[in-house]
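Asks: Pasting a predicted model and its sequence here:
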Amino acid sequence: MNALDLIMLGRQLTKIGEEVLRGSKAQAMPTGPSLVLRDVFAHPDSSITEVTARTGLPQSYVSDSVARLRDQGIVETSADPADGRRTLVRVTAQHPRTVAAQGSAPADAALAAALGHAADAGEIIGTLSALAERLRPGSPGPIRRELDQARQEL
């Protein structure tokens with residue numbers, strides 16, 4: 001397998017997983033707000049300026065993304081107690097629980113459908129499951145830790 005094939009496989013699997021999470025009719029979160037959300041997940045209580053510096057996105061775009069995510073109940077904002085002019089952002093307590101619950105949805109049917117209901121779909125899905133287990137990082141990052149904790153609370 002070459003690098004491009006691996007990247008394309010990863011993207012196709014990501015697409016299938018996202019459709020299972022959201023349902024096929026729901027629209028995916030745009031890349032920019034998704035980057036902002038991942039940064040806020042990894043760095044709670046960051047200022048807009050800090051998120052801007054880490055993501056490389058324009059400050060106005062980060063501010064707009066935070067406002068949209070806040071309106072959706074995904075993040076919450078507060079004034080910085082040390083400097084009331086700064087806005088701090090963090091993921092809501094409910095969001096990791098929601099993602100953990102949705103992330104527990106079985107994906108086998110969607111994978112089988114993507115494989116065209118091939119006779120060996122069960123074997124391929126088993127191989128993908130084993131691969132996912134073997135490639136799981138030894139030390140999860142901050143987002144994975146939050147989701148694992150939320151999954152235990154369900």
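Replies: The structure has been received and is ready for your questions.
Asks: Check which helices and strands the one helix or strand R151 maps to sits against.
Replies: Assigned by DSSP states H and E, R151 belongs to helix 142-153. Secondary-structure packing of helix 142-153 (3 or more C-beta pairs under 8 Å, 6 or more residues apart in numbering; DSSP states H and E): helix 31-42, helix 94-103. (C-beta placed from N, C-alpha, C; glycine too.)
Asks: buried set for stretch 50-68?
Replies: 50-52, 54-55, 57, 62-63, 65-66, 68 (16 or more other C-beta atoms under 10 Å).
Asks: And stretch 137-153, by the same measure?
Replies: Those would be 146-147, 150, for stretch 137-153 by 16+ other C-beta under 10 Å.
Asks: a markdown table for those residues, including distance to K15?
Replies: Formatted as a markdown table, the buried residues of stretch 137-153 follow (distance: C-beta to C-beta, whole Å):
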| residue | distance to K15 |
| --- | --- |
| E146 | 23 |
| L147 | 20 |
| A150 | 24 |
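Asks: between those, which is nearest E133?
Replies: Closest approach between these and E133, by C-beta to C-beta: L147, at 16.4 Å.
Asks: How about the contacts made by that closest one?
Replies: Going by C-beta atoms under 8 Å, 6 or more residues apart in numbering, L147 touches 96, 99-100, 103.
Asks: measure it to S34 for me?
Replies: 15 Å (C-beta to C-beta, to the nearest Å).
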